[in-house]
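Student: predicted structure and sequence below. I'll ask about it afterward.
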Amino acid sequence: MCRSLWMLLCLMVSLGLMDSVLGQTPPKIIFDTDMDSDCDDGAALAMLHALADRGEIELLGTMISAKHPWSAACTDAINTYFGRPDLPLGVPKQKAGIQQGSTYAERIAQEFPHDCPIGEQVPDAITQYRKILASQADGSVTILTVGDITNLRYLIESERDAISSLDGRQLVKAKVAHWVCMGSRYPADLDPSKWGNFKPDAESTVKAVEAWPTKITFTGGGRFAQMLSTGKRLDEVPADNPVRRVYELYFGGKVKNRHSADQITVMVAARGTGHPWKLITQGHNHIFANGTHQWRTDTNDPNHQYISALAEGVDPAEVIDSIDELILHLPKSK
Ligand SMILES: [Ca+2]
Ligand SMILES: [Ca+2]
């Protein structure tokens, strides 16, 4: 191969352009969110709609991991604003799972149009997961969790049914290429009193991670996500934007910057684990029974990897701009 062609190919790989040349389909993503306590879930969902409008991803559904009674309706209101009023959504109906407070979920559901029922009539997330996965091509789905791990535990434990002859683990193994998980701080978070997605429903976290049969990329919060804080620029979008409203309600008035924990996970799920991230592949994520965890390098699990830093030389401002660009996206109707 001549040198210039080789250099062109290297450049295309580094820019992530090979997938489109090879005709690969955009990632098909199921979003799983605790749309209650923190505002970054709202921004993450705006980004997914932006990416879907650009053809960079296909958004298959939005599942709720939280038991807050208004989280599903709030999520449906955001989906409706962005022109996807009928995206499948579901909530955890099983015993495990937690309810936290929310400064915005009920208000968003009441201020913005949606057609999501409240309470028992919201569909079961596990049924929705099974339906979506059964209808997709093998190895084609990415699951993106930015909340508790409750649903994935019950998905893995689900039994064969009229939807699919595969049990939950077999179905995941067949259909899910990648689970991108907003989970904790790296290399370890050993403090049970510190907030994190692994701890509220720790039993489900342990069970889901232990039984998960395909690739998991964990993304870090804490200082890493604070370094990439976003949200303040939502004051540039119209006042009738529900994601701007999420931030206003969260901060009790004017929008402010908040960590980008959930937004980082969206970027990784949609655009991959390459630039601008530093990817750690050697080792495995050990989850303790109380939901604390430690990245251990003594044994390698080829399915475990994590991102909790930028690649060397990457300017955080570049990443912040790329996140903001998606958060500020407006639907075509606006
Ligand atoms: Ca709806
Ligand atoms: Ca979250």
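Tutor: Now that the structure is in, tell me what you want to look at. All figures in this text were calculated on a predicted structure; none of them were measured in a lab. Ligands and ions are numbered 1, 2, ... in the order given.

Student: which stretches of the protein aren't confidently modelled?
Tutor: Under the criterion pLDDT under 70, the flagged ranges of the chain are 1-24.

Student: who's in contact with Lys199?
Tutor: Pro192, Thr205, Asn290, Gly291, Thr292 (CB atoms under 8 Å, 6 or more residues apart in numbering). (Each C-beta comes from the backbone N, C-alpha and C, glycine too.)

Student: nearest to ligand 2, of these?
Tutor: Of all the contacts of Lys199, Thr205 has the smallest distance to ligand 2: 14.0 Å, by CB to the ion.

Student: shouldn't that closest one be within a helix?
Tutor: Yes. Assessed by DSSP: H, G, I helix; E, B strand; the rest coil, Thr205 belongs to a helix.

Student: that one: neighbouring residues, count only.
Tutor: 28 (other CB atoms under 10 Å).

Student: what does Ala72 give?
Tutor: Ala72: 29 neighbours (other CB under 10 Å).

Student: most widely separated two among the contacts of Lys199?
Tutor: Using CB to CB, the two most remote members of the contacts of Lys199 are Pro192 and Thr205, lying 12.6 Å apart.

Student: so what sits against both of these two?
Tutor: With CB under 8 Å, 6+ apart, Pro192 and Thr205 have common neighbours Lys199, Gly291.

Student: check the secondary structure at the nearest residue to Lys207 once chain neighbours are set aside for me.
Tutor: Spatial nearest neighbour of Lys207, excluding adjacent residues (CB to CB, 6 or more residues apart in numbering): Arg153 at 4.6 Å. The three-state assignment at Arg153 reads helix, by three-state DSSP.

Student: for Arg153, give its distance to ligand 1.
Tutor: Distance from Arg153 to ligand 1, counting by CB to the ion, to the nearest Å: 26 Å.

Student: which residues are in contact with that residue?
Tutor: Applying CB under 8 Å, 6+ apart to Arg153 gives the contacts Ala96, Asp201, Glu203, Ser204, Thr205, Lys207, Ala208.

Student: Ile163 now?
Tutor: Thr127, Arg130, Lys131, Ala134.

Student: mind running it again at 7 Å?
Tutor: Arg130, Lys131, Ala134 (CB atoms under 7 Å, 6 or more residues apart in numbering).

Student: where's the first one, which helix or strand?
Tutor: With secondary structure defined by DSSP states H and E, Arg130 is part of helix 125-134.

Student: which residues are contacting that helix?
Tutor: 30, 60-61, 63-64, 88, 90-92, 141, 151, 154-155, 158, 161, 163-164, 171, 175-176.

Student: out of these, which are inside strands?
Tutor: Cross-referencing the contacts of helix 125-134 against strands under DSSP state E gives Ile30, Leu60, Gly61, Met63, Ile64, Gly90, Val141, Val176.

Student: please name the nearest non-neighbouring residue to the last one.
Tutor: Same thing as Val176. Nearest to Val176 is Val141, by CB to CB, 6+ apart, at 4.9 Å.

Student: residue contacts, Gly183?
Tutor: Asn197, Phe198, Phe218.

Student: closest one of these to Tyr104?
Tutor: Asn197 (18.4 Å).

Student: smallest gap between the stretch 151-300 of the chain and ligand 1, at which residue?
Tutor: At 13.2 Å from ligand 1, Pro242 is the closest residue in the stretch 151-300 of the chain, using CB to the ion.

Student: that residue against Ala77, yeah?
Tutor: Yes. Pro242 is within contact range of Ala77, at 5.6 Å (criterion: CB atoms under 7 Å).

Student: now check stretch 121-136, is it near ligand 1?
Tutor: No. Against ligand 1, stretch 121-136 shows no contacts by CB under 5 Å from the ion, the least distance being 10.5 Å.

Student: still on that earlier bit, which ChimeraX command selects the buried ones in the contacts of Lys199?
Tutor: Those of the contacts of Lys199 that count as buried under 16 or more other CB atoms under 10 Å are selected in ChimeraX with:
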select :205,291,292
